[in-house]
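K.L.:
Sharing a sequence plus its predicted fold:
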Amino acid sequence: MPLGRFIYIKNGFIPYVQLKLIIVIMNRLIRIPVLICLSLLLVANTLSYASAFATQLKQETADTIAVSDSNGDPAEADNIPGLSDSISEGAQKDTIGEKKVPLVYVYEIKEMIAKPIWRTTKLAFAEARELGADLVLIDMNTYGGEVSAADSIRTFILNSEIPVYVFINDNAASAGALISIACDSIYMKPSAKIGAATVVNQSGEQVPDKFQSYMRATMRATAEAQGKDTVVVNGDTSLVWRRDPAIAEAMVDPKLFVPGVSDTGQVLTFTATEAVENGFCEGIINTRKELLELVEIEEYTLKEYNPSRMDKIIGFLISPYVSSILIMVIIGGIYFELQSPGIGFPIAASALAALLYFAPLYLEGMAEYWELLIFILGIILLLVEVFVIPGFGVAGAAGVLAVIFGLAMSMVNNDVLRDFEFTGEGMNLLMRSFGVVTVSAVVGLSVSIWAASKVLTTNTFARLVLGESQNTNEGYISVDTNQRTLVGKTGTAYTVLRPSGKVQVDDEIYDGKAEFGLIEKGDEVKIIRYESGQVYVVKA
C-alpha cells in the first residue's frame with residue numbers, strides 16, 4: 001500500500017500524516033524526470049567526448065604515418081601503439097619500385113538501408129579519406145529500405161572525390177538501385193538484379209503519385225549526374241547518356257514506356273546481362289578480385305571497414321527493432337513503478353532504456369534537446385495526474401501525448417522534415433515513427449499490467465504488499481474516528497471542491513469531497529457522511 005495513505009496501529013490510532021504524503025508526492029514528481037534527464041546528459045556528453053577523443057587519436061596516427069612516409073621510413077609506423085587496431089597493413093603507402101600500390105577501401109551494404117547504414121557510410125568514407133584510398137568499393141546485397149537514408153548516401157557518393165564502384169552481390173532493389181546508379185561504375189554477379197525502385201508504404205502498397213514523382217526525379221537526376229559519353233558510329237560523333245535517365249525513371253514508374261526496354265504497366269528490373277546491354281553495368285564478375293582485374297588493378301592493398309565497438313553499439317541501438325524494445329521498457333517501467341511505488345527496479349529499467357534510446361540518437365544528430373524536454377515534460381504531467389490531481393484529465397492526456405511525441409520525433413532526422421512538403425519522405429517517416437512508438441507503448445503497457453498482476457503476488461515479492469487482513473474488531477483503524485462526529489455539521493469550502501478539496505469546520509481543516517458537482521471556495525457546505533478518510537459535503 002502506498003506510504004502515507006493509510007497508517008495502521010493496534011489498539012489506537014495515528015492521524016493522517018499530511019506532511020509525509022506531500023514529501024512522497026514531491027519525491028515521485030521530481031525523482032523520475034530528474035534521474036532520466038541527468039543520466040541522459042551524462043551519457044551523451046561522455047559518448048561525445050569519447051568519440052571526439054577517438055577521432056583526434058586517429059587523426060594524430062594518420063599524421064604520424066604521413067610524416068614517416070615523407071621521411072622515407074614508413075617502417076617506423078609499425079611502432080605506433082594501437083596502429084594495428086585502426087588500419088591494416090594494406091593501408092600503408094607501400095611502393096614497388098617507383099609505382100604506388102593502389103589502396104582499395106571496401107565496405108558492405110548487406111541489410112535494410114536505414115540510419116545504421118547511413119552512419120556506416122559516413123564513417124567508412126571518413127576513414128577512406130584519412131588513409132588516402134584510391135578507390136572505394138561497395139559490396140552490396142539489399143532489398144532496399146528508407147528513401148531518406150538512401151538519398152543521403154546517394155548525395156554523399158556523388159560528391160565523393162574518391163571514385164566509388166559497387167559490386168552487386170545478388171540484389172540492388174529499390175533504395176539499393178538508387179545508391180548503385182550514383183556510383184561511378186557498377187559490377188554485378190551473373191545472378192544479380194537491379195531496379196524496382198517504386199516507393200511503397202509499410203504494407204508494401206504504392207504511395208500516392210506525389211511521392212512517386214519525387215522519386216522519379218531523384219532517379220533521373222542521379223543518372224544524369226553520370227554525364228554523357230562520346231560515341232562514334234560510321235564516322236558520326238554523338239553524345240549519349242552514360243546512364244539513360246528514362247530507364248532510371250522507369251525503375252520507379254510502371255506507367256513509363258521505354259522503347260526496346262520496358263513495357264507500360266511493369267516496373268523495370270534488370271538482370272546482369274540486361275543491365276550491361278542498357279548501360280547500367282560495366283561488367284559481370286563473381287568476386288571482388290575479378291572486379292579489380294577487370295579494371296586493370298593488379299597490384300593493390302585492400303582495407304575493409306571494421307567498425308569499432310562503440311560504432312557497433314550505436315548502430316545496434318538505433319535500429320528500429322531495438323528502438324521498439326526500448327520504448328516498451330520505458331513505458332512499461334514507468335507504469336509498473338506508478339502502480340507499485342517504492343519497488344525501484346521498474347523505474348531504474350525505464351531510466352536505463354531511456355538512456356539507451358535517446359543517447360545514440362542525440363549523438364547521431366537526430367534527437368535534439370527540445371524533443372528530450374518534451375518527453376520529460378510528458379513524464380512530469382503524468383506524475384502530476386497520478387499523485388496531485390487524481391482522475392484522468394487534461395494533465396494525463398497532455399502527458400501521454402508529450403511522451404509519444406518526444407519519443408517519435410527523436411526517431412526522425414529533422415533535416416528531412418524541412419523538405420517535408422516536397423519529398424513526401426517526411427510524412428512516411430513521421431507515420432512510421434509514430435506507429436512504432438504507439439504500438440510499442442501499447443505492448444509495453446500490456447506486458448507491464450500482466451507482470452504487475454503476476455509478479456507481485458509471488459512469494460518473492462509478498463513482502464512488498466499488504467498480505468494480512470487488519471480488522472477493526474482487532475483494534476485496527478485507519479484515521480481519527482473523531483471525524484465521524486462531523487456528520488450533520490456545516491462549514492465552508494476552504495478550497496474549490498472539484499470534487500475533492502478541503503473544507504473548514506469549527507476552525508479545523510479536513511479533506512472533503514463534493515457529493516454533487518463543483519463547489520466554489522467560500523461556499524457554505526453541510527457534511528452528509530464520512531467515508532474512506534474524508535467527509536462528503538453538499539451546498540448548505
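P.N.:
Everything's here; your move.
K.L.:
C-alpha only now, for contacts and for neighbours.
P.N.:
Fine.
K.L.:
Strands of the stretch 401-540 of the chain, start to end?
P.N.:
Under the criterion DSSP state E, counting those that start in this stretch, strands of the stretch 401-540 of the chain are mapped to 490-493, 500-505, 508-514, 524-531, 534-539.
K.L.:
Leu363 is nearest to which of the ones you listed?
P.N.:
strand 500-505 (46.1 Å; CA to CA).
K.L.:
any idea of the angle the closest one forms with strand 508-514?
P.N.:
Orientation of strand 500-505 against strand 508-514 (axes from the mean of the first three to the mean of the last three CA atoms, to 10 degrees) gives an angle of 130 degrees.
K.L.:
for the protein, what's the longest strand?
P.N.:
strand 164-173 (DSSP state E).
K.L.:
Show me what that one is packed against.
P.N.:
Packing partners of strand 164-173 (3 or more CA pairs under 8 Å, 6 or more residues apart in numbering; DSSP states H and E): strand 135-142, strand 185-188, strand 193-195.
K.L.:
Could you figure out how far the longest one is turned away from strand 164-173?
P.N.:
When you say that, I think you mean strand 135-142. Going by the same axes, to 10 degrees, strand 135-142 makes 0 degrees with strand 164-173.
K.L.:
Paired strands for strand 135-142, with orientation please.
P.N.:
Sheet pairing here is set by DSSP bridges, and for strand 135-142 it gives strand 103-109 (parallel), strand 164-173 (parallel).
K.L.:
now, of those strands, which is deepest in the fold?
P.N.:
strand 164-173 (a mean of 25; mean count of other CA atoms under 10 Å).
K.L.:
The helix or strand following that one to strand 103-109, inter-axis angle?
P.N.:
Next helix or strand after strand 164-173 toward the C-terminus (DSSP states H and E): helix 175-182. In terms of direction (the same axes, to 10 degrees), helix 175-182 departs from strand 103-109 by 160 degrees.
K.L.:
Mind listing residues that contact helix 175-182?
P.N.:
113, 140, 142-147, 150-151, 153-155, 157-158, 166, 172, 186, 194-197, 219, 222-223, 225-226, 243, 280 (CA atoms under 8 Å, 6 or more residues apart in numbering).
K.L.:
Mind checking which of those residues are buried?
P.N.:
Among those, those classed as buried by 16 or more other CA atoms under 10 Å are 113, 140, 142-147, 150-151, 153-154, 157-158, 166, 172, 186, 194-197, 219, 222-223, 225-226, 243, 280.
K.L.:
Now tabulate the strands paired with strand 135-142 in JSON lines and tack on mean pLDDT and distance to Gly522.
P.N.:
Formatted as JSON lines, these follow (pLDDT from 0 to 100; distance: least, CA to CA, whole Å):
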{"stretch": "strand 103-109", "mean pLDDT": "95", "distance to Gly522": "72"}
{"stretch": "strand 164-173", "mean pLDDT": "94", "distance to Gly522": "73"}
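K.L.:
between the ones you listed, which one is nearest to Ser324?
P.N.:
Using CA to CA, the strands paired with strand 135-142 put strand 103-109 closest to Ser324, at 22.9 Å.
K.L.:
what does the closest one contact?
P.N.:
90-91, 93, 117, 124, 128, 132-142, 300-305.
K.L.:
With stretch 513-530 instead?
P.N.:
483-484, 486-502, 534-540.
K.L.:
Distance from it to the middle of the chain?
P.N.:
Stretch 513-530 sits 50 Å away from the centroid of its parent chain (CA atoms, centre = their mean, to the nearest Å).
K.L.:
Can you give me the end-to-end span of that stretch?
P.N.:
The straight-line separation of the ends of stretch 513-530 (CA to CA, to the nearest Å) is 10 Å.
K.L.:
Could you pull out the buried residues of that stretch?
P.N.:
513-515, 519, 523-527, 529-530.
K.L.:
same question, stretch 205-225
P.N.:
For stretch 205-225, the buried set under the neighbour-count rule, 16+ other CA under 10 Å, comprises 211-216, 218-220, 222-225.
K.L.:
So which of these belong to helices?
P.N.:
Applying DSSP state H to the buried residues of stretch 205-225, the entries found in helices are 211-216, 218-220, 222-224.
K.L.:
Looking at these, spot the one nearest Phe358.
P.N.:
Proximity of those to Phe358 (CA to CA) peaks at Phe211, which lies at 29.8 Å.
K.L.:
Format the buried residues of stretch 205-225 as JSON lines; extra columns: pLDDT and distance to Lys312.
P.N.:
As requested, the buried residues of stretch 205-225 are exported to JSON lines (pLDDT from 0 to 100; distance: CA to CA, whole Å):
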{"residue": "Phe211", "pLDDT": "77", "distance to Lys312": "33"}
{"residue": "Gln212", "pLDDT": "84", "distance to Lys312": "34"}
{"residue": "Ser213", "pLDDT": "86", "distance to Lys312": "36"}
{"residue": "Tyr214", "pLDDT": "84", "distance to Lys312": "33"}
{"residue": "Met215", "pLDDT": "88", "distance to Lys312": "31"}
{"residue": "Arg216", "pLDDT": "91", "distance to Lys312": "34"}
{"residue": "Thr218", "pLDDT": "92", "distance to Lys312": "31"}
{"residue": "Met219", "pLDDT": "94", "distance to Lys312": "31"}
{"residue": "Arg220", "pLDDT": "94", "distance to Lys312": "34"}
{"residue": "Thr222", "pLDDT": "95", "distance to Lys312": "30"}
{"residue": "Ala223", "pLDDT": "95", "distance to Lys312": "33"}
{"residue": "Glu224", "pLDDT": "94", "distance to Lys312": "35"}
{"residue": "Ala225", "pLDDT": "94", "distance to Lys312": "33"}
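K.L.:
Turn those residues into CSV, including distance to Gly204.
P.N.:
Shown next, in CSV, are the buried residues of stretch 205-225 (distance: CA to CA, whole Å):
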residue, distance to Gly204
Phe211, 14
Gln212, 14
Ser213, 18
Tyr214, 18
Met215, 16
Arg216, 18
Thr218, 20
Met219, 20
Arg220, 23
Thr222, 24
Ala223, 25
Glu224, 28
Ala225, 29
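K.L.:
related to what we said a few turns ago, looking at the strands of the stretch 401-540 of the chain, spot the one closest to Thr230.
P.N.:
strand 500-505 (85.0 Å).
K.L.:
And the closest one, what does it pack against?
P.N.:
strand 490-493, strand 508-514.
K.L.:
hmm, try it at 10 Å
P.N.:
strand 490-493, strand 508-514, strand 524-531, strand 534-539 (3 or more CA pairs under 10 Å, 6 or more residues apart in numbering; DSSP states H and E).
K.L.:
out of those, which comes closest to Thr438?
P.N.:
That would be, of those and by CA to CA, strand 508-514, which comes in at 35.9 Å.
K.L.:
Partner strands of that closest one, with direction?
P.N.:
When DSSP bridges is applied, strand 508-514 pairs with strand 500-505 (antiparallel), strand 534-539 (parallel).
K.L.:
Setting aside sequence-adjacent positions, which residue approaches Thr438 most closely?
P.N.:
Of all residues not flanking Thr438 in the chain, Ile404 sits nearest, at 7.0 Å (CA to CA, 6 or more residues apart in numbering).
K.L.:
got a list of what the one you found touches?
P.N.:
Residues near Ile404 by CA atoms under 10 Å, 6 or more residues apart in numbering: 327, 331, 374-375, 378, 433-438, 441.
K.L.:
how about 8 Å then?
P.N.:
By CA under 8 Å, 6+ apart, the neighbours of Ile404 are 375, 434, 437-438.
K.L.:
any idea how far it lies from Ala248?
P.N.:
Separation of Ile404 from Ala248 (CA to CA): 39 Å.
K.L.:
repeat for Gly283
P.N.:
On the measure of CA to CA, Gly283 and Ala248 end up 18 Å apart.
K.L.:
neighbour-wise, which of these two wins?
P.N.:
Per other CA atoms under 10 Å, whichever of Gly283 and Ala248 has more neighbours is Ala248, with 28 against 21.
K.L.:
where does the stretch 101-250 of the chain dip in pLDDT?
P.N.:
202-203 (pLDDT under 70).
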